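# from the sequence below, what's the structure:
(chains A, B, C and D)
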Number of protein chains: 2
Amino acid sequence: MESAEKVAADKAAAAAKPRTRDAEATKARILDAAKREFAKNGLGGARVDVIAEKARANKRMIYHYFESKEGLFQTILENAYVDIRIAEQKMNLDHLAPKEALERLVRFTWDYYLKNPEFITLVNSENLHRAKHLKKSEVVKVYSRKFVSMVATILDRGVSAGVFRPGVDPVQLNITIAAIGYYYLTNRFTGSIVFERDLMAKDALEERLRFNIDTILRLVAA
Amino acid sequence: MESAEKVAADKAAAAAKPRTRDAEATKARILDAAKREFAKNGLGGARVDVIAEKARANKRMIYHYFESKEGLFQTILENAYVDIRIAEQKMNLDHLAPKEALERLVRFTWDYYLKNPEFITLVNSENLHRAKHLKKSEVVKVYSRKFVSMVATILDRGVSAGVFRPGVDPVQLNITIAAIGYYYLTNRFTGSIVFERDLMAKDALEERLRFNIDTILRLVAA
DNA sequence: GTAAAAAGTAACCAGATAGTGCATTAGCGA
DNA sequence: TCGCTAATGCACTATCTGGTTACTTTTTAC
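Down below sits the predicted model:
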């Protein structure tokens, strides 16, 4: 390339991408790109070079900010858990009637999984690795405790009001609420083949949500 | 016998008696080793060299019999589905009272997942890959149809006998029965952290099974 | 017995992959 | 304006990985 051309090209590149240094923005772009890549391919299948490219960052930056591929994964996983717990807290179910609160929770869980499919895949990947990354996180435990007690409160209120039967374990209920949505969505590909229907069709999704609400309400009904 | 000892013993046996050629046995050893390796590390994380070593076979044999790593995975996945469907058919639920048949099915599903944890991991891995391998299998569809109709029959008998309410979709019921066991077990590692209890303790497993049977019976109760 | 087919082996390869050493530069405080 | 620090970029590598080539050994068919 001739000198004049090169200068022109450089100017064009600079104009198109006048990259100013911004650690926070770079970190954020890396986290976002990595979340997608890890969700799509799992921890083992994700490629660091791909993450760097998608983040429009140099690979060196990933190691600069996150130490290693696993360090990056751990950060993303922790963020994912904190995000869903914060969203759950924001629901503010305490002022609702118990039945309505529970229905709202089932609906929220379902919608959250639908809108944040990477959450499911990240959790799957973490369980393949026997939760070695999540084990190190204290903040996740704190948030989880709050969540369980939220459901316990709804149950208690329902029992007092005579609309729920007593003796339902809030942890088992939590697991069940998550399970009936999570399983359907994480196994949507094999499920669509096995059951020979498109599990992700609009009608199918609505039907499943109705079924799930029904399942949970019958489970706790007095 | 410990795994390491077993390998050592097998090696000694092989040295003492130069292995006779046996295509079927070699294939079987490869399939067994691959099932474990794929289940442990997923399709992407599994290593062909490790499979060959565990199978005490030459890596070339894998390509000889199964074309490629993905070909091997596909065979194993198909086998896994056929195995569970055959086991389900063997339950012979038709002569049982509807309620008991349903309880038996929930119990069977739970026990099967517990005894064959690799089934869950294989399905997870396949869904990460959008079921591209299962799509190619016709035999799985045939077996699945039989399974769905088995559950439908139980439901119909229950409705006729007046013990189940009408209108329950057998596919949704199937999915739910699988979900409440599958989710608990596949997410046992993160779950044990989030809920701060050992989900795999003997008591915990028994409690979960009871809870699941209860959930399903309440769901279909007249 | 023998030749062809099948089973098995070892060494190798090209491309990919996580991770690094080192130079460069922007931005900030003084 | 200067100099320091943190942000960025480039080029490189040691190792791994799926897959293959070329070969030997055993079994089978006749």
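
# what helix or strand is A:E100 on?
A:E100 belongs to helix A:98-115 when assigned by DSSP states H and E.

# identify the residues contacting that helix?
Applying C-beta atoms under 8 Å, 6 or more residues apart in numbering or on different chains, the contact partners of helix A:98-115 are A:84, A:87-88, A:91, A:93-94, A:96, A:119-120, A:151, A:154-155, A:157-158, A:161, A:163-164, A:177-178, A:181-182, A:185, A:205, A:208-209, A:212-213, A:216-217, A:220. In short, each C-beta sits where N, CA and C put it, glycine included.

# wait, doesn't A:L31 sit right on A:A80?
No - if you go by C-beta atoms under 8 Å, A:L31 and A:A80 don't touch, sitting 10.4 Å apart.

# those two: who's more crowded?
For A:L31 versus A:A80, neighbours defined as other C-beta atoms under 10 Å in any protein chain shown are more numerous around A:A80 (22 against 17).

# show the contacting residues for that one.
A:A80 makes contacts with A:K35, A:N116, A:E118, A:F119, A:L122, A:V123, as judged by C-beta under 8 Å, 6+ apart.

# switch the cut-off to 6 Å
Applying C-beta atoms under 6 Å, 6 or more residues apart in numbering or on different chains, we find A:A80 in contact with A:F119, A:L122.

# A:T26 too?
Neighbouring residues of A:T26 by C-beta under 6 Å, 6+ apart: A:A57, A:M61.

# that one and DNA strand C: what is the separation?
Relative to DNA strand C, A:T26 is positioned 12 Å away (C-beta to the nearest atom of the strand, to the nearest Å).

# got it, and A:Y113?
With distances taken as C-beta to the nearest atom of the strand, A:Y113 is found 27 Å from DNA strand C.

# quick one: neighbours of that residue, just the number.
When neighbours are counted by other C-beta under 10 Å, A:Y113 registers 18.

# for the one 10 residues further on, same thing?
Here the count is done by other C-beta under 10 Å, and A:V123 has 25 residues near it.

# could you list the domains of chain A?
Chain A is divided into the following domains under automatic domain parsing: A:1-66, A:74-220.

# now do the shortest one, average pLDDT.
Spelled out, it's domain A:1-66. When pLDDT is averaged over domain A:1-66, the result is 78.

# give me the contact status of that domain with DNA strand D.
Yes - on the criterion C-beta under 7 Å from any atom of the strand, domain A:1-66 is in touch with DNA strand D at A:R19, A:R21, A:D22, A:A23, A:A25, A:T26, A:A57, A:N58, A:K59, A:R60, A:M61, A:H64.

# go on, the last one?
No - counting by C-beta under 7 Å from any atom of the strand, DNA strand D is not contacted by domain A:74-220; separation bottoms out at 14.8 Å.

# give the burial count for the closest residue to A:L205 other than its chain neighbours, as a bare number.
Leaving aside its sequence neighbours, A:L205 sits nearest to A:L114 (C-beta to C-beta, 6 or more residues apart in numbering or on different chains; 7.3 Å). Using other C-beta under 10 Å, A:L114 has 14 neighbouring residues.

# one more: A:R47?
12.

# ramachandran coordinates for it?
Per-residue torsions, A:R47: phi -110, psi 130 (degrees, to the nearest 10).

# near DNA strand C, which residues of chain A are found?
Applying C-beta under 7 Å from any atom of the strand, one finds that chain A approaches DNA strand C through A:T20, A:R21, A:A46, A:R47, A:V48, A:D49, A:K59, A:R60, A:Y63, A:S68, A:K69, A:E70.

# tell me which of those fall in helices.
If you go by DSSP state H, the residues of chain A next to DNA strand C have A:V48, A:D49, A:K59, A:R60, A:Y63, A:K69, A:E70 in helices.

# from A:A178, how far out is the residue sitting nearest the centre point of chain A?
Nearest residue to the geometric centre of chain A (C-alpha atoms, centre = their mean): A:F119, 2.4 Å. Noted for A:F119: a distance of 11 Å to A:A178, by C-beta to C-beta, to the nearest Å.

# now the residue of chain A found nearest DNA strand D. Nearest residue, chain neighbours left out?
In chain A, no residue comes nearer to DNA strand D than A:A23, which is 3.0 Å away by C-beta to the nearest atom of the strand. Of all residues not flanking A:A23 in the chain, A:Y65 sits nearest, at 7.9 Å (C-beta to C-beta, 6+ apart).

# wait, isn't that neighbour in contact with A:K27?
Yes - between A:Y65 and A:K27 there is a contact under C-beta atoms under 6 Å: 5.4 Å.

# what helix or strand is A:I120 on?
Using DSSP H and E, A:I120 sits in helix A:117-128.

# what residues does the helix or strand following that helix touch?
The first helix or strand that comes after helix A:117-128 along the chain, using DSSP H and E, is helix A:138-160. With C-beta under 6 Å, 6+ apart as the test, helix A:138-160 has contacts from A:Y81, A:R85, A:E88, A:P98, A:A101, A:L102, A:F164, A:P166, A:V168, A:P170, A:N174, B:V194.

# in these, find the pair that's most separated.
Longest distance between any two of these is 30.6 Å, between A:Y81 and A:P166; criterion C-beta to C-beta.

# which of these two has more neighbours?
Neighbours were counted for A:Y81 and for A:P166 using other C-beta under 10 Å; A:Y81 has more, 23 against 11.

# what's the burial count for the nearest residue to that one once chain neighbours are set aside?
Closest residue to A:Y81 apart from its sequence neighbours, by C-beta to C-beta, 6+ apart: A:V140 at 4.7 Å. Counted with other C-beta under 10 Å, residues neighbouring A:V140 total 20.

# give me the pLDDT value at A:V140.
A:V140 is given a pLDDT of 91.

# gap between it and B:L114?
To B:L114, A:V140 is 26 Å away according to C-beta to C-beta.

# likewise A:Q89?
Distance from A:Q89 to B:L114, counting by C-beta to C-beta: 34 Å.

# flag every residue of chain A that's near chain B.
With C-beta under 6 Å from any C-beta of the partner chain as the criterion, chain A comes near chain B at residues A:42, A:44-45, A:123-124, A:126-128, A:130-131, A:134, A:144, A:171-172, A:175-176, A:179-180, A:182-184, A:186-187, A:189-190, A:193-195, A:211, A:215, A:218-219.

# just the buried ones from those residues?
In the residues of chain A next to chain B, burial by neighbour count holds for A:42, A:44-45, A:123-124, A:126-128, A:131, A:134, A:144, A:171-172, A:175-176, A:179-180, A:182-184, A:186-187, A:189-190, A:193-195, A:211, A:215, A:219, counting by 16 or more other C-beta atoms under 10 Å in any protein chain shown.
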